[in-house]
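> predicted model and sequence follow; I will ask about them next.
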Amino acid sequence: MTTPTTTPHPDTTPTTASHRMPAPQPRGPVSTTLLAALRSGTPDELDPGADGTEPLAPVAAALEAAGIDGPDATAVVLTEDVQLALLVMYELHYRGVDGVDDAWEWHPGLLALRARIERPFEAALRARVPQPECDATDAAGVAARLFRLAADDDSPSLSRYVARKADAAQARELIALRSIYQLKEADPHTWAIPRLSGVPKAALVEIQSDEYGGGHPGHMHHELYARTMRGMGLDDTYGAYLDAAPGVALVAVNAMSLVGLHRRLRGAIVGHLAAYEMTSSIPCRQYSNGLRRLGHGEDVTGYFDEHVEADAVHEQIAGRDLAGRLAEQEPTLRDDVLWGAALCLAVEGDVGAYAMERWQHGESALRAPLPPA
């Protein structure tokens, strides 16, 4: 286990750490009807009455009208409206949503609606990310293929741009944009722990222990990220910038939740984590260099400094002991391990490419520019 390198700070733990995600602003008829239904009462209070009215019927109707079951479903599911609705459904398994009763988490009707979205969503992701080829069946061979996947990734380098060119406003946008995931960092991957055994399980526990600070309050990585946000004059409230996040960012977070929540996709979430760790150490150094170039100190760079060392160790554990050994232990999961890694590289690359394109055109990477620090 690596030792946290960041000095504890009296203001490290976010005051909002235990709060639910604020209810987001809807982005269309599906998210509008979903949020209205979820916030109108508990499932028991809203069970069908004598007239047979189903509280989730408007959501189902909105999905049908959008074409979620039609021939163009893979395009429909990627719209901001449907992606936001899916993110809200997934958030019930994380910290919950402000004003939404926790009993909705396992409501059969809501799970059925989520499944109608997940089917075309997974199809869209598999169409976006082809299955990587691999002849290896042993842990070392699979790990080597994963490292080649990471090395061959040709997505635009957002971290290099930040290191060399980003201005102060763009750097703040980056931190706000990444907060949609970073404030719950590691949580989707942790769902895999009870689904693994032996060496892969031990490897994942070792990685996640570091992600959660090794038992040291203030060193959990999402808390370090919140400290970075405060140092840049940003709101560290969980989900504070969800309304500002573009659809491409919602897709990246939802893809992680999809493969994390489903046991049948446990190979994919392991591969996702492996790719995440393999492509983190050097970019984090570049992010840190860029933030220092802009005049920020350790209170802002500490999160990235921590990952330079930690992820250099994690990438070896994730590639060989976690992903490689899982593929060796359960050969039927090898392809999903590789696909999960390719998925991570693709969707994270899409976010970076979107942000850089907007910045290069003098536009905000967010749906609305941030107010001044």
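Happy to help now that I have it.
> return the backbone torsion pair for Met21.
Backbone torsions for Met21, taken as degrees, to the nearest 10, come to phi -70, psi 130.
> chain neighbours aside, what residue packs nearest to Ala166?
Gly290 (5.9 Å; C-beta to C-beta, 6 or more residues apart in numbering). For glycine as for every other residue, the C-beta is placed from the backbone atoms N, C-alpha and C.
> dump the host helix or strand of the one you found to CSV, keeping only the CA atoms.
Gly290 belongs to helix 281-293 when assigned by DSSP states H and E. The C-alpha coordinates for helix 281-293 follow below in CSV (Å, rounded to 0.1, in the frame of the first residue of the first chain):
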residue,chain,number,x,y,z
SER,A,281,0.1,8.9,-13.3
ILE,A,282,1.7,10.9,-16.2
PRO,A,283,-1.5,13.0,-16.9
CYS,A,284,-1.8,13.8,-13.2
ARG,A,285,1.8,15.1,-13.3
GLN,A,286,0.9,17.3,-16.3
TYR,A,287,-2.3,18.6,-14.6
SER,A,288,-0.3,19.4,-11.5
ASN,A,289,2.4,21.2,-13.6
GLY,A,290,-0.3,23.2,-15.4
LEU,A,291,-2.0,24.3,-12.2
ARG,A,292,1.4,25.4,-10.8
ARG,A,293,2.1,27.3,-14.0
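> skip ahead from that helix and say which helix or strand is next.
helix 298-316.
> and that following helix, average pLDDT?
Averaged across helix 298-316, pLDDT comes to 88.
> per-residue confidence, His219, what does it come out as?
What the model reports as pLDDT for His219 is 87.
> again, but for Ala17
pLDDT for Ala17: 44.
> now the helices for the stretch 51-200 of the chain?
57-66, 73-76, 80-91, 108-128, 139-152, 158-164, 168-182, 187-190, 198-211 (DSSP state H, counting those that start in this stretch).
> and these, which is most packed in?
helix 80-91 (a mean of 24; mean count of other C-beta atoms under 10 Å).
> so which elements touch it?
Helices and strands touching helix 80-91, as assessed by 3 or more C-beta pairs under 8 Å, 6 or more residues apart in numbering; DSSP states H and E, comprise helix 29-38, helix 57-66, helix 108-128, helix 247-261.
> hey, C-alpha coordinates of that helix in CSV?
What follows is helix 80-91 as a C-alpha-only set of coordinates in CSV (Å, rounded to 0.1, in the frame of the first residue of the first chain):
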residue,chain,number,x,y,z
GLU,A,80,-28.8,14.7,-22.7
ASP,A,81,-32.4,14.2,-21.5
VAL,A,82,-32.2,10.4,-21.4
GLN,A,83,-28.6,10.4,-20.0
LEU,A,84,-29.7,12.8,-17.2
ALA,A,85,-32.6,10.5,-16.3
LEU,A,86,-30.3,7.5,-16.2
LEU,A,87,-27.8,9.3,-14.1
VAL,A,88,-30.6,10.2,-11.6
MET,A,89,-31.6,6.5,-11.5
TYR,A,90,-28.1,5.4,-10.8
GLU,A,91,-27.5,8.1,-8.2
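> sounds good, over and out.
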